[in-house]
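Asker: Structure for this input, please:
(one chain, ligands or ions: 1)
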Amino acid sequence: MRLLNLFLMVTVVAAVATTTGCEKMGTDDPEFTLRWGVVDNHLEAGFRSSLTLVNHGSEPLRGDWTIFFNFLRVVDSESVTPPLAIDHVNGDLYRLTPRAGLEELASGGSVTVEFLAQAWAVSVTDGPAGAYLVRGDAQSGAALITPVDIEIEPFVSERQTDRGPNDNRPVLTPELEFRRNLSVPTLEAADIVPVTPTPLSITQLDGEVELASGVPVSVAAGLEKEGEMLARQFAERLSIHNVRQARPSEEPLVRLSVTDASVEGIAGEAYTLTVSPNDGIRIVGAGRAGVFYGIQTLISLVTPADYGNGRAVVSAVRIEDAPRFGYRGMHLDVARNFQSKASVLKLLDLMAYYKLNRFHFHLTDDEGWRLEIDGLPELTSVGAFRGHTTTERDHLIPSFGSGPWPDPQLSNGSGYYTRSDFIEILRYARERHIEVIPEIDVPGHARAAIVAMKARHDRLLEEGDEAAAMRFLLTHPDDQSTYQSVQHWNDNVIDVCMPSTYDFLRHVIADVVGMYEEAGARLTTIHTGGDEVPIGVWEGSPACDALSESEGDLDLPSLFVERIHAIVAEHGLTTAGWEEVALRISADHTVKEPDPARLGKGIRPYVWNSIWGAGSESLAYELANAGFEIVLSSASNLYFDLAYAKHPDEPGYYWAGYVEAKKPFELEPYDLYRSGKENLMGNPIAPSRYANMEKLTDEGRSNILGIQGQLWGENAKGVEIMEYLAFPRMIVLAERAWAKRPEWSERQTMAERDAGLDQAWAEFANRLGARELPKLDKYAGGVKYRIPPPGALISEGIMQANVAHPGLTIRYTLDDSSPGPTSPVYEGPVEVSGPVRLRTFDTRDRGSREVRVDVASQ
Ligand code: TNX
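Answerer: Okay, here's the model as predicted:
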């Protein structure tokens, strides 16, 4: 038994380490282990799993003890078999306790229970996380905390890998991956577009130009900042130093100029770049942003071999370029798991390199408030930390495996940006022509603020200042409403009937605006969230009862949108929100439709909840046609927190499907439905399904501002996994946001469109493998993008392999050992007689998840 445990632990740690390079799941010498495994996903409803607690310690475990752990699925407490009990605390936090009959767990002993939970579990992401044991210390009365190791049993049988009996999507095997990769042949360098995102036009000219340290540059007046960025980026990316102003007597090698420095917005983003042996390098922007993008294109033209070398040869070329969409966004949720300032700056720099220009900063949610606000210290002193607590007076309870210690050094659940951090982020973005759109998510997803403002209230009350205590309270102490949010919180919605709620919002928004002013950064829009307000909220709120007594029956969601919109408008800003802010939603949530009452106010919905085959696919077009300016955030194609593939070791959610790197590429904003060919369970969707769905009108078309990639943070535990989830998908997003409408999307028949899409993707996939990813290896110490595991197949004793992004290196072994950076490189079919193990490697010898194919199983 013990041997098996060890084996399981080793495999789990190894699997996670090779997939994502992320944190080690266990400690070296755990006193306790919680082993979890799926028993059966094929039930009529929900699934059954088992939980084994092992005591490796030298002492028996007895008396009062509790193990807390995070688990994403709703556990049916009644179903838990003796002798343990599992009870919901709040959110994803559960409590495991002994029941009568379990007086002690002997040293070396174990106990196993089974239980039912909602939905299914098919990957390590679905397993428990962040377990710790709490015992009372009889002498001091204090709580003793011991971390508990977690082991996740492998998902092997179909009952463990299927999402219920109707799941038609198989686990991604090397054989399946091999067949998929057949449509991505390896191309010659000459057939690969050198610049990403693809410019409007590229004309190759004769000759080349060499760049080396000491490049003389001429910078037109008003472009000083762009000149500085050129010098900085040449140094950082190409190791070309001492870019300097050309002397009057000297011919500059690079010239930056602008048609009109005052042109802003999409018009100012256009540019031309000429590289000519006779004439040097000329970048002419329509506005300052255009000059900046011309510089990015110039750097992009440098081959991976020259990148970072201190010297580069660029082929002569003329490029004319302008973006398709004015809004090219990337979102990052730092509330669920915190990301350091340095990680955010790196992401911003990479966004700018790929010409993305909006950073949607999801700063607040149920599980964390990440921005210091003047005058409201508890928002961050309490709301930015998670750890063990029974009162939440000092910090929030753990979520997403953040563990017992409220310490940013030990857990991704804790951390925040000081005002000066935030101002630095804003300035850094501004220099790169990125507008940061701050999100304050209300009225739902607001638990961190609610708990923090309760702590503030209690503190002031103790200090005897009752009036001040009431000032920014977000929920009524006597609220009797019962509800459960999507993330299983029962107290995460602010009370929209209390005046103190609006005092809070007014204060926070004014302070955020002030920080932008201090940074000299552009702010046009505040994103106010508005998503996923659960059924049942406010029904037991004394404040809402009082309000409806004086005002009559009120539509509370509308009332809230109007009020927050008014607060944002006081600063001359646009109110954005998730799609819900533009919808009329009935109390039972059965009706959700564009609300004409919200039109004409400049409210800007981000349309997200599109699961192919699930019924909301037309919402984006309904809203755009109705007159709302929208940002396409479509979950099924643009949610980068979703897993890349169906595989137990692939991190991420999958509630809106699996988002392989091709998904953002497939999304044609003017013809969304064409990407919806399979439903969640992998069954085909007949094109006729879309026949009667809303078509995009000309007006609707002009209301699509652009597209955005979303990176929700539940699984982004640290910068490595954040980058794994973001890349290469963010590069693909940039292509779809900037490049002109793809030619294939306007072909007559579906078959022609599909063929064109596959061909275009084959070229783009080569770009990733041969140009973009190798450059990311050299970028700022490297970007930890996802390296796709190889596809492989054995047929009649011959093993063949391929990779999704040609250009990456496949290595293999024939002796059943794990392939490393010195294992043989796959260069063509190999005769084999036993198992083959393979991994893909990047230029830094970072390896992908390992795959194994065996003659015997063919
Ligand atoms: C839905 S999308 C959410 C987020 C989650 C995300 C996870 C939206 C507006 N709400 O709160 O983080 O799914 O994929």
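Asker: In the beta-sheet assignment, what are the partners of the closest residue to the ligand within the stretch 251-400 of the chain?
Answerer: Taking Cβ to the nearest ligand atom, the ligand has its nearest neighbour within the stretch 251-400 of the chain at residue 333, 6.1 Å off. In this view, the C-beta of every residue, glycine as well, is placed from N, C-alpha and C. In this entry, residue 333 is beta-bridged to residue 362, by DSSP bridges.
Asker: Was I right to think it contacts residue 362?
Answerer: Yes. Taking Cβ atoms under 8 Å as the definition, residue 333 is a contact partner of residue 362 at 4.1 Å.
Asker: ok, the nearest residue to residue 653 once chain neighbours are set aside - how many residues close by?
Answerer: The spatially closest residue to residue 653, leaving aside those adjacent along the chain, is residue 642, at 5.4 Å (Cβ to Cβ, 6 or more residues apart in numbering). If you count neighbours by other Cβ atoms under 10 Å, residue 642 ends up with 25.
Asker: and residue 438, that one's in a strand?
Answerer: Yes. Assessed with DSSP: H, G, I helix; E, B strand; the rest coil, residue 438 lies in a strand.
Asker: That one: how many residues sit nearby?
Answerer: 24.
Asker: Am I right that it is in contact with residue 361?
Answerer: Yes. The pair residue 438 / residue 361 is scored as a contact, 5.4 Å apart, by Cβ under 8 Å.
Asker: Run through who's touching stretch 659-668.
Answerer: 632, 634, 636-640, 642-645, 674-675, 707, 709, 728-729, 732-733, 735-736, 741-742, 745, 757, 760-761, 764-765, 768, 786, 788, 804-805 (Cβ atoms under 8 Å, 6 or more residues apart in numbering).
Asker: rewinding a little: surely the residue nearest to residue 653 and residue 634 touch.
Answerer: No. Counting by Cβ under 8 Å, residue 634 is not a contact partner of residue 642; they are 11.2 Å apart.
Asker: how about the residue nearest the centre of the chain, phi and psi?
Answerer: Nearest residue to the geometric centre of the chain (Cα atoms, centre = their mean): residue 711, 1.6 Å. Per-residue torsions, residue 711: phi -120, psi 90 (degrees, to the nearest 10).
Asker: Contacts only, for it.
Answerer: Residue 711 touches 330, 331, 332, 333, 640, 641, 722, 725, 726, counting by Cβ under 8 Å, 6+ apart.
Asker: Please report phi then psi for the last one.
Answerer: When you say that, I think you mean residue 726. phi -80, psi -30.
Asker: what's the burial count for it?
Answerer: Neighbours of residue 726 using other Cβ under 10 Å come to 25.
Asker: please begin residue numbering at 543 from this point
Answerer: From this message on, residue numbering opens at 543, which makes the last subject residue 1268.
Asker: give me every residue that touches it.
Answerer: Neighbour list for residue 1268: 872, 889, 1182, 1251, 1253, 1327 [criterion: Cβ under 8 Å, 6+ apart].
Asker: From those residues, which land in helices?
Answerer: Among the contacts of residue 1268, the members found in helices (DSSP state H) are residue 889.
Asker: For the ligand, tell me which of the contacts of residue 1268 show up nearby.
Answerer: Counting by Cβ under 6 Å from any ligand atom, nothing from those sits close to the ligand.
Asker: could you dump the contacts of residue 1268 to CSV with pLDDT?
Answerer: Supplementary listing: the contacts of residue 1268 in CSV, determined by pLDDT from 0 to 100:
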residue, pLDDT
872, 99
889, 98
1182, 98
1251, 98
1253, 98
1327, 98
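Asker: Can you tell me which of the contacts of residue 1268 is nearest residue 576?
Answerer: residue 1253 (29.0 Å; Cβ to Cβ).
Asker: Just after the helix or strand bottoming out on mean pLDDT in the chain, pick out the following helix or strand.
Answerer: When each helix and strand of the chain is scored by mean pLDDT, DSSP states H and E, helix 544-562 comes last, with a mean of 30. Where DSSP states H and E defines the elements, the next helix or strand beyond helix 544-562 is strand 574-582.
Asker: Sheet-wise, list the partners of that next one with their directions.
Answerer: strand 589-597 (antiparallel), strand 691-694 (parallel).
Asker: Columns distance to residue 829 and mean pLDDT on top of these, output as TSV?
Answerer: Shown next, in TSV, are those (distance: least, Cβ to Cβ, whole Å; pLDDT from 0 to 100):
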stretch	distance to residue 829	mean pLDDT
strand 589-597	55	98
strand 691-694	52	98
